[in-house]
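1. The following block contains a protein sequence and its predicted model.
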Amino acid sequence: MADLAQARDGLRAYRLISGMWIRSLMAYRVSFTMTALGNLTVTAFDFAAILLMFSQVDRLGGYSLPEIAFLYGASGTAFGLTDLALGSMDRLGKRVRDGTLDTLLVRPVPVIAQVAADRFGLHRLGRVVQGVLVLTYALVVLDIEWTPLKALMIPLMLLSGAGIFASVFMAGAAFQFVAQDAAEVQSAFTYGGNTLLQYPPTLFTKDLVRGVTFVLPLAFVNWLPALYVMGRPYPLDLPTWVAFTPPLVAAACLALAGLAWRAGLRSYRSTGS
């Protein structure tokens with residue numbers, strides 16, 4: 001019951017803090033609109049690079065443009081949702097260095113909720129919109145033999161993928177308690193992981209595919225469930241049922257990231273300033 005009450009307090013604090021930042025952004029609507037459109041445009045350049053590749057080739061790693069658009073849209077949407085909700089966590093290292101984290105510790109709400117909601121960037125919604133647009137294009141163009149399970153797999157994949165990315169954000173933030181200037185390391189696994197998943201696994205070595213399947217399970221964000229939907233073979237000759245495991249993988253990753261966060265928070269020592 002205590003953990004449930006703490007989670008409820010954390011969600012309430014997150015809602016209040018993020019709402020405050022949203023109201024602040026909305027006070028300058030033109031600036032917000034321009035920033036959101038700029039964010040949408042910048043993220044669109046990633047897909048523009050893929051389109052440029054396909055102006056020279058018909059297939060990339062054995063995959064057609066709609067198939068890669070499906071991988072891109074699924075990963076981009078899942079990552080965009082997480083980046084929107086937790087993107088501010090990469091600032092934790094700065095708070096640890098300058099001692100401003102101490103002000104969050106004295107408040108009667110979970111620190112993780114305060115860190116996640118700090119400077120909530122609604123303009124990041126542009127990344128979500130761009131991912132949804134590409135995913136919609138892929139679902140319309142692809143010739144998929146739809147079944148109830150395949151239809152269910154789409155929202156399941158997006159939610160599970162967001163959960164897996166959220167665990168990476170949390171673990172990266174926990175690491176910053178130890179390595180105080182590690183925002184770039186965190187970005188290598190979050191933004192870098194999203195970029196990796198935008199392309200088919202056939203482009204990468206088997207060792208890398210094994211690493212993002214069994215060590216840092218990013219393959220469960222889109223590769224495995226998306227290949228099931230498209231009816232393509234899985235990397236590493238994995239069995240069919242692994243396509244249905246992303247929710248379990250996301251839950252396990254979040255649990256481990258939560259333990260890492262608690263360990264990092266307990267290890268924190270104030271700057272004394």
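-> Arrived safely, thanks for sending.

2. Tyr63 against Gln198, yeah?
-> No: contact criterion Cβ atoms under 8 Å: Tyr63 and Gln198 do not qualify, at 11.3 Å. The C-beta positions use only the backbone N, C-alpha and C, and glycine is treated the same way.

3. In the stretch 51-200 of the chain, mark out all the strands, start to finish.
-> With DSSP state E, counting those that start in this stretch, there are no strands along the stretch 51-200 of the chain.

4. Now do the shared contacts for Tyr63 and Gln198.
-> Counting by Cβ atoms under 8 Å, 6 or more residues apart in numbering, the common neighbours of Tyr63 and Gln198 are Leu71.

5. What about Ala252, how many residues nearby?
-> Ala252: 15 surrounding residues under other Cβ atoms under 10 Å.

6. Likewise for the one 4 residues further on?
-> Around Leu256 sit 13 other residues, with neighbours defined as other Cβ under 10 Å.

7. Nearest residue to it in space, please, no chain neighbours.
-> Ser167 (6.9 Å; Cβ to Cβ, 6 or more residues apart in numbering).

8. what's the burial count for that neighbour?
-> The number of residues packed near Ser167 is 25, by other Cβ under 10 Å.

9. gap between it and Ser160?
-> For Ser167, the distance to Ser160 (Cβ to Cβ, to the nearest Å) stands at 11 Å.

10. tell me, what's touching these two both at once?
-> Taking Cβ under 8 Å, 6+ apart as the contact rule, Ser167 and Ser160 both touch Ala250.

11. Quick check, Asn39 in contact with His123.
-> Yes: using Cβ under 8 Å, Asn39 makes contact with His123 at a distance of 5.3 Å.

12. so where do the helices sit in the stretch 101-250 of the chain?
-> Under the criterion DSSP state H, counting those that start in this stretch, helices of the stretch 101-250 of the chain are mapped to 101-105, 111-117, 125-141, 148-175, 183-197, 206-210, 223-230, 246-267.

13. Distance from the chain centre to the first one, please.
-> Between the mean C-alpha location of helix 101-105 and the chain-wide mean there is a distance of 26 Å, by Cα atoms, centre = their mean, to the nearest Å.

14. next one: the longest one
-> Mean-position distance between helix 148-175 and its chain equals 7 Å (Cα atoms, centre = their mean).

15. Next, the angle helix 125-141 makes with it.
-> Angle, helix 148-175 to helix 125-141, by axes from the mean of the first three to the mean of the last three Cα atoms, to 10 degrees: 150 degrees.

16. can you pull the buried residues of helix 148-175?
-> Applying a neighbour-count criterion of 16 or more other Cβ atoms under 10 Å, one finds 150, 153-154, 156-158, 160-175 buried in helix 148-175.

17. do the same with stretch 196-215
-> Quick answer for stretch 196-215 (16+ other Cβ under 10 Å): 196-201, 209, 212-213.

18. Likewise for stretch 83-99?
-> Of the residues in stretch 83-99, 83-93, 95-96 count as buried by neighbour count, 16+ other Cβ under 10 Å.

19. Farthest-apart pair in these, please.
-> For these, the maximum inter-member distance is 23.5 Å, found between Leu84 and Val96 (Cβ to Cβ).

20. Leu51 - how many residues pack around it?
-> Residues near Leu51, counting by other Cβ under 10 Å: 12.

21. okay, Pro225: pLDDT?
-> At Pro225, the model reports a pLDDT of 95.

22. Oops, could you answer that again for Thr271 instead?
-> The model's pLDDT for Thr271 equals 64.

23. before we move on, what about Gly62?
-> pLDDT, Gly62: 92.

24. repeat for the one 5 residues further on
-> The model reports Glu67 with a pLDDT of 96.

25. okay but it is in contact with Ala138, surely?
-> Yes: Glu67 sits in contact with Ala138 when judged by Cβ under 8 Å, with a separation of 7.5 Å.

26. Just give me the residue right at the centre of the protein.
-> Nearest residue to the geometric centre of the chain (Cα atoms, centre = their mean): Phe79, 3.0 Å.
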